[in-house]
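Visitor: Quick one: sequence and predicted model below, then my questions.
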Amino acid sequence: MTDDVRDSLIPYDEIVQEALRAVVGRVLGQIGSTDGLPGDHHFYITFKTQSVGVVIPPHLLAKFPDEMTIVLQNRYWDLQVADDHFSVGLSFNQIPSTLVIPYSAITAFVDPSVDFGLQFHVDDSEWDDILSDDDESSAADHRPEITTEDGSNVVTVDFGKKR
């Protein structure tokens, strides 16, 4: 047996990231079909505002040109959940707004009431660098970094981090 690590022809990193993003969609779908969040549950959802498919008002884009975190707790409305995105009504400085957020734009999903969270890496330019890299680097250089904090349910998945 050799120590050579071969490049995978199966995109494991993309498959895992897609599956974890499906968790977000499934959770939002469950609360979207009810009269709100059960118990003390509430969500912090962080997303890249410039990602393809994100629709937010211009004043929010000006204030958050890279990344934004929204909170789904008490004051949200019209939560609509689709296979690849969700939309929700929120108020910012008493201005009602509807946001459309593809799951692919999400960088973090946290439910602090039960110490659960998922973090995602969203950096298309870094992926382009990795996918176009012609050198003889090993697959270990591109392996996702997965960490957990002391007994919590927080999982960090960083698919673009070079070691």
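Guide: Sure, I can see it.
Visitor: Every contact and neighbour count from this point should use C-alpha atoms.
Guide: Fine.
Visitor: dump the residue contacts of Q80.
Guide: Q80 is in contact with G29, G32, F86, S87, V88, counting by CA atoms under 8 Å, 6 or more residues apart in numbering.
Visitor: switch the cut-off to 7 Å
Guide: With contact set as CA atoms under 7 Å, 6 or more residues apart in numbering, Q80 has these partners: G32, F86, S87, V88.
Visitor: I'd like these written out as TSV, with distance to Y12, pLDDT and neighbour count added.
Guide: Compiled in TSV, the contacts of Q80 are given as follows (distance: CA to CA, whole Å; pLDDT from 0 to 100; neighbours: other CA atoms under 10 Å):
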residue	distance to Y12	pLDDT	neighbour count
G32	30	78	18
F86	25	96	20
S87	28	96	18
V88	31	95	17
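Visitor: Return the subset of these lying in helices.
Guide: Here DSSP state H is the test, and those give G32 as lying in helices.
Visitor: Tabulate the contacts of Q80 in a markdown table, adding columns for distance to V23.
Guide: Formatted as a markdown table, these follow (distance: CA to CA, whole Å):
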| residue | distance to V23 |
| --- | --- |
| G32 | 14 |
| F86 | 13 |
| S87 | 16 |
| V88 | 17 |
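Visitor: Grab the nearest non-local neighbour of V88.
Guide: Closest residue to V88 apart from its sequence neighbours, by CA to CA, 6 or more residues apart in numbering: L79 at 4.4 Å.
Visitor: what about that neighbour, how many residues close to it?
Guide: By the measure other CA atoms under 10 Å, the count of residues near L79 is 20.
Visitor: And stretch 64-81, end to end?
Guide: End-to-end span of stretch 64-81 (CA to CA, to the nearest Å): 23 Å.
Visitor: what distance separates that stretch from the centre of its chain?
Guide: 13 Å (CA atoms, centre = their mean, to the nearest Å).
Visitor: what do you get for stretch 82-96?
Guide: With CA atoms, centre = their mean, you get 16 Å for stretch 82-96.
Visitor: please renumber so the chain begins at 260
Guide: Understood, numbering begins at 260; the last thing we discussed is stretch 341-355.
Visitor: Which residues belonging to that stretch are considered buried?
Guide: Applying a neighbour-count criterion of 16 or more other CA atoms under 10 Å, one finds H344, F345, S346, V347, G348, L349 buried in stretch 341-355.
Visitor: mind exporting it as PDB, just the C-alpha atoms?
Guide: The C-alpha coordinates for stretch 341-355 follow below in PDB (Å, rounded to 0.1, in the frame of the first residue of the first chain):
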ATOM      1  CA  ALA A 341     -38.400  26.100  -1.700                       C
ATOM      2  CA  ASP A 342     -35.900  23.400  -2.700                       C
ATOM      3  CA  ASP A 343     -33.100  25.800  -3.400                       C
ATOM      4  CA  HIS A 344     -34.000  29.000  -1.400                       C
ATOM      5  CA  PHE A 345     -36.300  30.600   1.100                       C
ATOM      6  CA  SER A 346     -37.900  34.000   1.300                       C
ATOM      7  CA  VAL A 347     -39.000  35.800   4.400                       C
ATOM      8  CA  GLY A 348     -40.500  39.200   5.400                       C
ATOM      9  CA  LEU A 349     -38.600  41.100   8.100                       C
ATOM     10  CA  SER A 350     -38.600  44.700   9.300                       C
ATOM     11  CA  PHE A 351     -35.400  46.800   9.300                       C
ATOM     12  CA  ASN A 352     -35.600  50.200  11.100                       C
ATOM     13  CA  GLN A 353     -39.400  49.800  10.800                       C
ATOM     14  CA  ILE A 354     -39.200  49.300   7.000                       C
ATOM     15  CA  PRO A 355     -40.800  46.100   5.900                       C
END
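Visitor: That'll do, ta.
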